[in-house]
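J.: Model the structure of this input:
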Amino acid sequence: MFKSISLKLIFAASLLSLLAACAVKPVKQMDYTAFKNSQPRSILVLPPVNETTDVNATASMLSQMTMPLAEAGYYVMPVALVEETFKQNGLTSPAEIAQVAPEKLRSIFGADAVLYTKITQYGSVYRIVDSTSVVDASAKLIDLKSGDVLWQGTGHATGKEVGTNFSVGTSLVGMLAQAAVKQIAHNLMDEAHDVAGLTSTRLLSAGPPNGLLYGPRSPKFKTD
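T.: Reported below is the predicted structural model:
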């Protein structure tokens, strides 16, 4: 009898282990073939298309996207110069700018690749007993000669990773009050701007498993 029970337990444990293994999805490896063939040296960063209701999202994100790209080893076209060039040509909306043909962008700026970005969430998110700032964005890198998609990825960060903690009690009433205090503080301090910086870094940093390849200005160039 005991032997029978033991066998059943072993079988059940083995079955659970098998199901757990099946539930874990392997990280899908990105195909870098086009990226390696292109080997872009310079990147034109277009103003992110803002799909949120916060008017600050585009400027906040754009102002923090150059650093991770430069640290990855790429020359980034100066953001202020790019913005002024578009203005001189009557283009101020990120959505309109994103529609400019790649060959036109190359003829004007001379960059090797262009980065298109979308912001899908930006700002404070209020939940019943908590509140935090959230910034979500996606991006894709396009070769300006061939039009090939070289890379694409997503980035996410929250105020819990960069923000200040506020505590006004641990009861339900206290937690509700704390959420309200956080909401006000997030807006006053524009915490989302700091969160956007972390999102930009996660989105545009080079390295495994699915980050950008290191550029020619990086000592790690061609090591990935």
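J.: can you tell me which residue is nearest the centre of the protein?
T.: For the chain, the residue nearest the mean C-alpha position is Gly155 (2.2 Å; C-alpha atoms, centre = their mean).
J.: Is it part of a helix or strand, or is it coil?
T.: Taking DSSP: H, G, I helix; E, B strand; the rest coil as the rule, one finds Gly155 in the strand state.
J.: Validate this expectation: Leu141 resides in a strand.
T.: Yes: assessed by three-state DSSP, Leu141 belongs to a strand.
J.: That one touches Thr117, doesn't it?
T.: No: between Leu141 and Thr117 there is no contact under C-beta atoms under 8 Å: 10.0 Å. In this view, the C-beta of every residue, glycine as well, is placed from N, C-alpha and C.
J.: The residue nearest to the centre of the chain and Thr199 touch, don't they?
T.: Yes: the criterion here is C-beta under 8 Å, and Gly155 meets it with Thr199 at 4.4 Å.
J.: So for the two, which residues contact both of them?
T.: 135-137 (C-beta atoms under 8 Å, 6 or more residues apart in numbering).
J.: Show the contacting residues for Ser138.
T.: Neighbours of Ser138 in contact, by C-beta under 8 Å, 6+ apart: 117-118, 120, 152-155, 203.
J.: For the helix or strand that contains it, buried residues please.
T.: Using DSSP states H and E, Ser138 falls within strand 130-143. Neighbour-count burial for strand 130-143 flags 131-139, 141-143 (criterion: 16 or more other C-beta atoms under 10 Å).
J.: Following the chain past the helix or strand of the chain with the lowest mean pLDDT, name the next helix or strand.
T.: Sorted by mean pLDDT, DSSP states H and E, the helices and strands of the chain end with helix 172-189, the least confident at a mean of 42. Tracing the chain past helix 172-189, the next element assigned as helix or strand by DSSP H and E is helix 191-204.
J.: what's the angle between that next one and strand 130-143?
T.: Inter-element angle recorded for helix 191-204 and strand 130-143: 40 degrees (by axes from the mean of the first three to the mean of the last three C-alpha atoms, to 10 degrees).
J.: Just confirm Arg202 contacts Thr158, I think it does.
T.: No: using C-beta under 8 Å, Arg202 is not in contact with Thr158, being 11.4 Å away.
J.: Would you confirm that Trp151 belongs to a strand?
T.: Yes: per three-state DSSP, Trp151 lies within a strand segment.
J.: What's the local residue count around it?
T.: 23 (other C-beta atoms under 10 Å).
J.: ok, it - contacts?
T.: Neighbouring residues of Trp151 by C-beta under 8 Å, 6+ apart: 30, 32, 35, 140-141, 212-213.
J.: how about 7 Å then?
T.: If you count contacts by C-beta atoms under 7 Å, 6 or more residues apart in numbering, Trp151 has them with 30, 35, 140-141, 212.
J.: what does Asp31 give?
T.: So Asp31 contacts nothing (C-beta under 7 Å, 6+ apart).
J.: What number of neighbouring residues does Gly153 come out with?
T.: Neighbour number of Gly153 under other C-beta under 10 Å is 17.
J.: my bad, should have said Thr120
T.: 16.
J.: residues near Gln39, how many?
T.: By other C-beta under 10 Å, neighbour count at Gln39 equals 15.
J.: Now it: closest residue in space, sequence neighbours ignored.
T.: Pro216 (7.2 Å; C-beta to C-beta, 6 or more residues apart in numbering).
J.: can I assume that neighbour sits in a strand?
T.: No: looking at Pro216 with three-state DSSP, it is coil, so not inside a strand.
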